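>>> Give me the fold of what follows.
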Amino acid sequence: MTYGFKIIDELTSGLARWMDEKEYGHIADFVGRAVPNVTDWQFLNLNYVVKARIDQQLCIQCGRCHIACEDTSHQAITREVDGHRHFEVIDAECVGCNLCVQVCPVENCITLEHLTAGVDPRTGERIDPAYANWTTHPNNPNRAAAE
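Modelled structure (predicted):
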């Protein structure tokens with residue numbers, strides 16, 4: 001078997017397992033389900049702050065979260081602490097992209113925590129739980145026209 005076919009086999013078997021877990025009989029059962037969540041970027045909640053959290057008791061030290069974050073995202077997960085292999089989220093860098101959650105092989109080891117109070121260590125801004133988007137943001141020069 002060539003490497004390319006092995007990847008396809010892994011993808012299809014992974015999809016089949018996921019569909020079984022979710023009790024989907026056909027791909028058509030879930031196609032388009034995310035569409036209601038799609039919106040124009042200007043309507044995204046700018047006050048929505050989430051940070052990844054790693055449960056150290058569940059962590060198997062595989063390093064997938066670190067590699068995914070280091071190579072494709074914000075370099076927000078440590079690889080070691082005090083010379084020992086240790087994976088921990090660096091709040092000042094985490095943007096809550098969810099990539100680490102997706103690559104972690106241990107269910108619920110990495111979760112996203114929605115912050116509603118305090119200061120976002122990444123931006124230094126006070127966390128405001130109220131919904132606010134670009135159409136109302138003070139930095140938007142067309143804000144008055146959008147209101």
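
>>> just checking, residue 113 is part of a helix?
No. When DSSP: H, G, I helix; E, B strand; the rest coil is applied, residue 113 is found to be strand, with no helix at that position.

>>> Could you pull up the residues touching it?
Residue 113 makes contact with 50, 51, 52, 53 under the criterion CB atoms under 8 Å, 6 or more residues apart in numbering. All C-beta spots, glycine's among them, are computed from the backbone N, C-alpha and C.

>>> distance of it from residue 12?
Taken as CB to CB, to the nearest Å, the spacing of residue 113 relative to residue 12 amounts to 34 Å.

>>> ok, now residue 101?
With distances taken as CB to CB, residue 101 is found 23 Å from residue 12.

>>> the more surrounded of those two?
Shown here are residue 101 and residue 12; by other CB atoms under 10 Å, residue 101 has more neighbours (18 against 10).

>>> which residues touch the residue sitting nearest the centre point of the chain?
Nearest to the mean C-alpha position of the chain, counting by CA atoms, centre = their mean, stands residue 98 at 0.9 Å. With contact taken as CB under 8 Å, 6+ apart, residue 98 is in contact with 52, 112.

>>> Dihedrals phi and psi, it?
Backbone geometry at residue 98, expressed as degrees, to the nearest 10, gives phi 80, psi 0.

>>> in this structure, which helix or strand is least confident?
Least confident element among the helices and strands of the chain, by mean pLDDT, DSSP states H and E: helix 143-146 (a mean of 59).

>>> Leaving out the residues flanking it, which one is nearest to residue 69?
For residue 69, the nearest residue in space outside its immediate sequence neighbours is residue 77; the separation is 4.5 Å by CB to CB, 6 or more residues apart in numbering.

>>> if I read this right, residue 91 contacts residue 123, doesn't it?
No. With the criterion set as CB atoms under 8 Å, residue 91 and residue 123 do not qualify as a contacting pair; they are 11.0 Å apart.

>>> More neighbours: which of these two?
For residue 91 versus residue 123, the count of surrounding residues by other CB under 10 Å is larger for residue 91: 15 against 11.

>>> For residue 26, see how far away the more buried one is.
Counting by CB to CB, the gap between residue 91 and residue 26 amounts to 41 Å.
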